[in-house]
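A predicted structure for the sequence below; I have some questions about it.
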Amino acid sequence: MKTLLLVIAFALFAYAASAQKDSARITKPVTINKNVSSKIAGPASPQVNSVGTTMNQIDLKLKELEALIDKLKSQKDALSDMSQDDQLRLQQFMDRRSKMETTLSNIMKKFSETASSITQNIK
């Protein structure tokens, strides 16, 4: 399970790195003045469209990464819950073992006392 988490974390890191490369291409935000855009005849320039498309892709990648992070957090919580159950079982087992050792020790002590008492009575 740890290897799966490591693989997913590596994939997330690679995915984030590619998103950073995409965002690094954009050096400054593009603003369009309404007065200038009304004077331009025809559709917006291809550069403006590509920047908008790139920003949308980055937003989608960011949302995907956030969803994956939430999924990993829930899986991590599930694993920690399982380990808490295992820890509780181990603690119960150790308590039972301790009680058994105490009982066995008391029984052996009684046998020893009985044997001593019998030998004292014979003398």
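Perfect, I can see it now. Numbering: from 1, shown residues only.

average pLDDT for stretch 77-94?
Stretch 77-94 comes out with an average pLDDT of 85.

Count residues in the vicinity of residue 55, would you?
15 (other C-beta atoms under 10 Å). Using the backbone N, CA and C atoms, a C-beta is placed for each residue, glycine as well.

Which strands and helices lie in contact with whichever strand or helix holds it?
Taking DSSP states H and E as the criterion, residue 55 maps to helix 46-122. On a contact count with 3 or more C-beta pairs under 8 Å, 6 or more residues apart in numbering; DSSP states H and E, helix 46-122 meets helix 2-24.

can you list the weak-confidence ranges in the protein?
Low-confidence segments of the chain, defined by pLDDT under 70: 1-52.

what does stretch 92-105 contact?
Applying C-beta atoms under 8 Å, 6 or more residues apart in numbering, stretch 92-105 has no contact partners.

just the CA coordinates of it, formatted as PDB?
Written as PDB, here are the backbone C-alpha positions of stretch 92-105 (Å, rounded to 0.1, in the frame of the first residue of the first chain):
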ATOM      1  CA  GLN A  92      -6.100  -6.600  24.400                       C
ATOM      2  CA  PHE A  93      -3.900  -9.600  23.500                       C
ATOM      3  CA  MET A  94      -1.100  -8.200  25.700                       C
ATOM      4  CA  ASP A  95      -3.500  -7.800  28.600                       C
ATOM      5  CA  ARG A  96      -4.800 -11.400  28.200                       C
ATOM      6  CA  ARG A  97      -1.200 -12.700  28.100                       C
ATOM      7  CA  SER A  98      -0.300 -10.700  31.300                       C
ATOM      8  CA  LYS A  99      -3.300 -12.200  33.100                       C
ATOM      9  CA  MET A 100      -2.500 -15.700  31.900                       C
ATOM     10  CA  GLU A 101       1.200 -15.300  33.100                       C
ATOM     11  CA  THR A 102       0.000 -14.000  36.500                       C
ATOM     12  CA  THR A 103      -2.500 -16.900  36.900                       C
ATOM     13  CA  LEU A 104       0.200 -19.400  35.900                       C
ATOM     14  CA  SER A 105       2.600 -17.900  38.400                       C
END
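
buried ones in that stretch?
By neighbour count on 16 or more other C-beta atoms under 10 Å, the buried set for stretch 92-105 is empty.
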